[in-house]
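J.: Build me a structure from this.
(one chain, ligands or ions: 2)
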Amino acid sequence: MESDSGHEQLFQWHEEFSVAVDEMDDHHKKLFNMSEKVIRAVDLADEKVAERALDFLIEYSQSHFLDEEDLMLRHGYPELHQHKRIHKRLTESIIKLQKELEANSYKAGIDLGLFLKEWILNHVLTEDQKYAHFLGHSNSAK
Ligand SMILES: [Fe+2]
Ligand SMILES: [Fe+2]
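T.: Ligands and ions are numbered 1, 2, ... in the order given. The predicted structure follows:
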């Protein structure tokens, strides 16, 4: 699928990403859009826009992780502790990326598309699906 600018859209939403919790699906869609924006800005070598887009992405992801952990806590998700550790690692890795980009004036010497796909898309598709599965099978899900 091509976006308006003719670039290939890396972060397309598919039903398979759904965790069957509307609020979390909305967060994930937003995170995908934000990731796309970071990649576009770095592609265009627009340092200011890239910097802001990455700031937004990091900030939004942190609040999403907290909301998600809160949801898991409320529903007694047994793998909460492990999921929290993974969120912490994700935060550390994107802050490391941010520092690398800053050091290189936002010129991508890194495959940013690949990094962000691993970073958010795979997380939603694997780890987040685990709690979706749990909530779907527990009576307390709402
Ligand atoms: Fe998530
Ligand atoms: Fe998560």
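J.: Give me the buried positions along the worst-scoring helix or strand of the chain on mean pLDDT.
T.: With mean pLDDT, DSSP states H and E as the measure, the helix or strand of the chain carrying the lowest mean pLDDT is helix 112-116 (a mean of 92). The neighbour-count check on helix 112-116 (16 or more other Cβ atoms under 10 Å) flags Leu112, Gly113, Phe115, Leu116 as buried. The way it works is simple: take the backbone N, C-alpha and C, and place the C-beta from them, glycine included.
J.: What of stretch 18-29?
T.: Ser18, Val19, Val21, Met24, Asp25, His27, His28.
J.: next one: stretch 95-110
T.: Those would be Leu97, Gln98, Leu101, Tyr106, Ala108, for stretch 95-110 by 16+ other Cβ under 10 Å.
J.: doesn't Phe56 make contact with the second one?
T.: Right, Gln98. No - contact criterion Cβ atoms under 8 Å: Gln98 and Phe56 do not qualify, at 11.7 Å.
J.: The closest residue to Gln98 other than its chain neighbours: what's it in contact with?
T.: Among residues not flanking Gln98 along the chain, Leu54 sits closest, at 5.7 Å (Cβ to Cβ, 6 or more residues apart in numbering). By Cβ atoms under 8 Å, 6 or more residues apart in numbering, the contact set of Leu54 is Val38, Ile94, Gln98, Leu101.
J.: Leu54 sits in which helix or strand?
T.: helix 47-74 (DSSP states H and E).
J.: Can you pull out the residues in contact with the helix or strand that that helix is followed by?
T.: Sequence order places helix 80-103 as the next helix or strand after helix 47-74, per DSSP H and E. Contact with helix 80-103 is made by 42, 50-51, 54, 57-58, 61-62, 65, 68-69, 72-73, 77, 108-110, 115, 119-120, 123, 127, 130-131, as judged by Cβ under 8 Å, 6+ apart.
J.: Alpha carbons of helix 80-103, as PDB, please.
T.: Provided in PDB are the C-alpha atoms of helix 80-103 (Å, rounded to 0.1, in the frame of the first residue of the first chain):
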ATOM      1  CA  LEU A  80       2.300  -8.700  34.200                       C
ATOM      2  CA  HIS A  81       5.700  -8.700  35.700                       C
ATOM      3  CA  GLN A  82       7.400 -10.100  32.600                       C
ATOM      4  CA  HIS A  83       5.400  -7.800  30.300                       C
ATOM      5  CA  LYS A  84       6.500  -4.800  32.400                       C
ATOM      6  CA  ARG A  85      10.100  -5.900  32.000                       C
ATOM      7  CA  ILE A  86       9.700  -6.000  28.200                       C
ATOM      8  CA  HIS A  87       8.100  -2.500  28.200                       C
ATOM      9  CA  LYS A  88      11.100  -1.300  30.200                       C
ATOM     10  CA  ARG A  89      13.500  -2.800  27.600                       C
ATOM     11  CA  LEU A  90      11.500  -1.300  24.800                       C
ATOM     12  CA  THR A  91      11.800   2.100  26.400                       C
ATOM     13  CA  GLU A  92      15.500   1.700  27.000                       C
ATOM     14  CA  SER A  93      16.100   0.700  23.400                       C
ATOM     15  CA  ILE A  94      14.200   3.600  21.800                       C
ATOM     16  CA  ILE A  95      16.000   6.100  24.100                       C
ATOM     17  CA  LYS A  96      19.300   4.600  22.900                       C
ATOM     18  CA  LEU A  97      18.100   5.000  19.300                       C
ATOM     19  CA  GLN A  98      17.200   8.600  20.000                       C
ATOM     20  CA  LYS A  99      20.700   9.300  21.300                       C
ATOM     21  CA  GLU A 100      22.200   7.600  18.200                       C
ATOM     22  CA  LEU A 101      20.100   9.700  15.900                       C
ATOM     23  CA  GLU A 102      20.900  12.900  17.800                       C
ATOM     24  CA  ALA A 103      24.600  12.100  17.600                       C
END
